[in-house]
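J.: build the 3D model from these lines:
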Amino acid sequence: MVLHITAFSANTAEEMSQYLDEAMNVPGISGLIIDLRGNRGGVLQQAVTTSALMLDHGVAAITQGRDPQANHVWAVQGGDMTNGLPIIVLVDGRTASAAEILAAALADQKRGVVIGSATLGKGLVQTIGQMPNGAELFVTWSRVLAPLGWPLQGLGVMPQVCTSLGESELERQLQNLAEGSADSREWVAAARQIRYPVDLSRILTIRKACPAAIGTDSDLDAAHSLLDNPVEYHAALSTIPEEGAAPANGG
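T.: Numbers count the residues shown, from 1 in each chain. A predicted model of the protein is given here:
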């Protein structure tokens with residue numbers, strides 16, 4: 001079943017809960033595909049609450065800022081409505097903000113496999129102030145870190161299966177996954193090791209491994225391949241390093 005989330009509004013988590021409830025009553029369902037391609041984000045809390053619908057427990061996101069009140073660990077606890085059903089998250093170069101938070105949370109918690117290309121890389125929390133002349137003032141309040149501590153801003157989410165390198169390269173990746181190995185392991189691990197401060201050149205090098213692009217039908221084809229082949233799915237899941245793996249800073 002494919003669930004397409006176009007934005008994170010005030011009701012997204014509630015609507016997602018209803019859709020998941022319906023999905024779990026579909027006979028023979030083998031997995032869930034969450035399509036975040038073209039999703040420009042929205043309400044951070046809604047992304048966290050949506051992730052909680054598919055996580056039993058753990059950290060969904062971390063926010064850090066200069067003001068102590070901006071520092072927060074967004075932990076979730078409750079129950080996975082899908083009972084461990086395999087999850088694929090589709091992303092592309094337009095996937096941003098809250099959508100990246102959801103993708104990163106499911107990936108870092110090894111709850112889902114991200115397929116597509118490098119996402120936009122918008123990981124800032126901003127507040128909007130109204131000015132006397134009718135203008136709006138955007139104030140950056142904090143930056144968002146994924147559960148494993150790496151920054152979304154600038155870097156974005158690097159997929160575990162890359163579809164922006166061409167059809168032949170995608171076929172090679174899927175074949176290797178079927179044999180239990182993942183081509184993406186190096187760039188996924190490199191992205192998870194990033195910590196502030198980091199050189200822009202290093203971020204660009206990582207992102208070049210799977211360049212940002214607009215999603216295509218290849219994303220869905222790859223998703224169905226992984227859902228039809230558990231070996232592929234679990235090989236892609238295994239690319240996420242364990243929590244506590246040594247980070248690396250850029251000078």
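
J.: only C-alpha atoms from now on, for both contacts and neighbour counts.
T.: OK.

J.: for the residue lying closest to residue 30 once chain neighbours are set aside, grab the count of nearby residues.
T.: Leaving out its chain neighbours, the residue that sits closest to residue 30 by C-alpha to C-alpha, 6 or more residues apart in numbering is residue 227, at 6.6 Å. By the criterion of other C-alpha atoms under 10 Å, residue 227 has 20 neighbours.

J.: contact partners of the helix or strand that contains residue 227?
T.: Element membership for residue 227, per DSSP states H and E: helix 217-228. Helix 217-228 is contacted by residues 30-31, 33, 86, 88, 90, 115-116, 161, 163, 167, 174, 232-233 when judged by C-alpha atoms under 8 Å, 6 or more residues apart in numbering.

J.: now, which of those residues lie within strands?
T.: 33, 88, 90, 115-116, 161 (DSSP state E).

J.: ok so residue 61 is a strand residue?
T.: Yes. When DSSP: H, G, I helix; E, B strand; the rest coil is applied, residue 61 is found to be in a strand.

J.: and it, bridged to which residues?
T.: Assessed by DSSP bridges, residue 61 has beta-bridge partners residue 74.

J.: wait, it touches residue 76, no?
T.: No. Residue 61 lies out of contact with residue 76 (C-alpha atoms under 8 Å); the separation is 9.4 Å.

J.: who touches both of these two?
T.: Overlap of the contact sets of residue 61 and residue 76 (by C-alpha under 8 Å, 6+ apart) consists of residue 48.

J.: please enumerate the strands of the stretch 101-250 of the chain.
T.: Under the criterion DSSP state E, counting those that start in this stretch, strands of the stretch 101-250 of the chain are mapped to 113-116, 124-130, 136-145, 161-162, 194-195, 248-249.

J.: before we move on, back to that, turn the contacts of helix 217-228 into CSV, columns for distance to residue 9, neighbour count and pLDDT.
T.: Formatted as CSV, the entries for the contacts of helix 217-228 read as follows, by distance: C-alpha to C-alpha, whole Å; neighbours: other C-alpha atoms under 10 Å; pLDDT from 0 to 100:
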residue, distance to residue 9, neighbour count, pLDDT
30, 28, 13, 91
31, 25, 21, 96
33, 20, 21, 97
86, 25, 19, 97
88, 22, 27, 98
90, 19, 27, 98
115, 24, 28, 98
116, 23, 33, 98
161, 28, 28, 98
163, 28, 32, 98
167, 35, 11, 97
174, 35, 24, 98
232, 33, 22, 98
233, 30, 25, 98
